[in-house]
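Undergrad: sequence unknown, structure follows:
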Ligand SMILES: [Zn+2]
């Protein structure tokens with residue numbers, strides 16, 4: 001299955017609540033996923049809105065994820081870790097109320113620590129959170145995002161390693177970040193395959209993927225670009241997804257949000273048409289190419 005959506009309330013949606021955004025994503029855009037953003041401080045959502053999101057997504061086969069506030073440091077000093085725990089717990093509690101599948105977090109910074117010590121600290125602290133969530137019987141999973149800057153913990157190898165060590169943590173594959181961090185290494189099919197190979201030991205049944213164009217220099221992300229303005233191709237990734245029948249959710253994090261989500265959808269449909277030889281395709285219908 002391929003799900004497609006955007007990170008946040010669509011730009012073209014008049015209503016500016018997440019509830020409005022989700023309904024718009026379904027009814028107007030005909031997309032089937034959305035990542036709700038709590039990124040700039042913790043947005044407080046009423047129980048009523050959370051419940052609406054839960055019911056609406058269930059009834060309309062929408063998949064909802066949540067992005068926790070950006071500034072989280074699970075490798076920081078005691079105060080920073082405590083603050084990060086609070087942000088994560090709050091985000092996850094709200095995610096759970098909404099019936100969200102994954103709460104995406106940024107793991108943290110190396111600071112003065114070396115890679116090994118940072119890794120140990122992040123593993124220890126994510127374990128603590130997972131234990132807490134288990135105790136609270138929370139179903140929403142924590143997703144650790146791959147990060148696009150050298151001084152930030154979160155290469156694909158590091159994220160896979162934490163996910164190996166901490167059960168119930170899933171990776172969030174931000175291809176824009178991976179591309180920036182390796183200074184533009186994602187050029188062709190084999191380059192994307194290498195990333196999926198690294199993920200293989202986790203035996204994932206679902207991949208949450210972030211997509212955007214990205215401006216970078218010396219292995220560091222500067223900012224997000226519209227997909228067409230970036231130099232990371234989409235076609236090879238879509239080919240792999242269709243060939244391997246991967247169960248994916250593709251979230252547009254480009255500045256054009258839903259416009260690029262719709263662009264992704266059109267690219268997927270183009271790839272389906274190439275395979276079926278037909279003149280139409282629908283991203284939700286993979287029956288002809290999957291069996
Ligand atoms: Zn992120």
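TA: Here it is on my side, so go on. Keep in mind it's a predicted model, so treat the numbers as computed, not measured.

Undergrad: buried sites along the helix or strand encompassing residue 26?
TA: With elements delineated by DSSP states H and E, residue 26 resides in helix 18-27, which encompasses its position. Of the residues in helix 18-27, those buried under the neighbour-count criterion (16 or more other CB atoms under 10 Å) are 18, 19, 21, 22, 23, 24, 25, 26. Heads up, the C-betas are built off the backbone N, CA and C, glycines and all.

Undergrad: Distance to residue 75 for the residues you listed - can I get that in CSV?
TA: Listed next are these as CSV, based on distance: CB to CB, whole Å:
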residue, distance to residue 75
18, 30
19, 35
21, 33
22, 34
23, 39
24, 38
25, 35
26, 38
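
Undergrad: and which of those is nearest residue 195?
TA: Distance to residue 195 across the buried residues of helix 18-27 (CB to CB) is lowest for residue 25, with 26.9 Å.

Undergrad: could you say what helices and strands the helix holding residue 26 packs with?
TA: On a contact count with 3 or more CB pairs under 8 Å, 6 or more residues apart in numbering; DSSP states H and E, helix 18-27 meets strand 33-37, helix 47-59.

Undergrad: got the contact list for it?
TA: For helix 18-27, the external contacting residues (CB atoms under 8 Å, 6 or more residues apart in numbering) are 5-6, 8-10, 12-15, 31-34, 36, 45, 49, 52-53, 56-57, 60, 62, 64, 258.

Undergrad: and that helix with helix 47-59, angle?
TA: Our comparison of helix 18-27 with helix 47-59, counting by axes from the mean of the first three to the mean of the last three CA atoms, to 10 degrees, yields an angle of 20 degrees.

Undergrad: Can you show me the helices along the stretch 101-250 of the chain?
TA: In the stretch 101-250 of the chain, the segments counted as helices under DSSP state H, counting those that start in this stretch are 115-135, 156-165, 175-181, 189-199, 235-244.

Undergrad: what would those helices look like in a markdown table with distance to residue 146 and mean neighbour count?
TA: Compiled in a markdown table, these are given as follows (distance: least, CB to CB, whole Å; neighbours: other CB atoms under 10 Å):
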| stretch | distance to residue 146 | mean neighbour count |
| --- | --- | --- |
| helix 115-135 | 13 | 16 |
| helix 156-165 | 5 | 18 |
| helix 175-181 | 5 | 26 |
| helix 189-199 | 9 | 16 |
| helix 235-244 | 14 | 17 |
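
Undergrad: Just send those helices back as CSV, with distance to residue 74 and mean pLDDT too.
TA: Shown next, in CSV, are the helices of the stretch 101-250 of the chain (distance: least, CB to CB, whole Å; pLDDT from 0 to 100):
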stretch, distance to residue 74, mean pLDDT
helix 115-135, 4, 97
helix 156-165, 9, 98
helix 175-181, 17, 98
helix 189-199, 21, 98
helix 235-244, 29, 98
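
Undergrad: Ok, which of those helices comes nearest residue 219?
TA: Closest to residue 219 of those is helix 175-181 (CB to CB; 5.6 Å).
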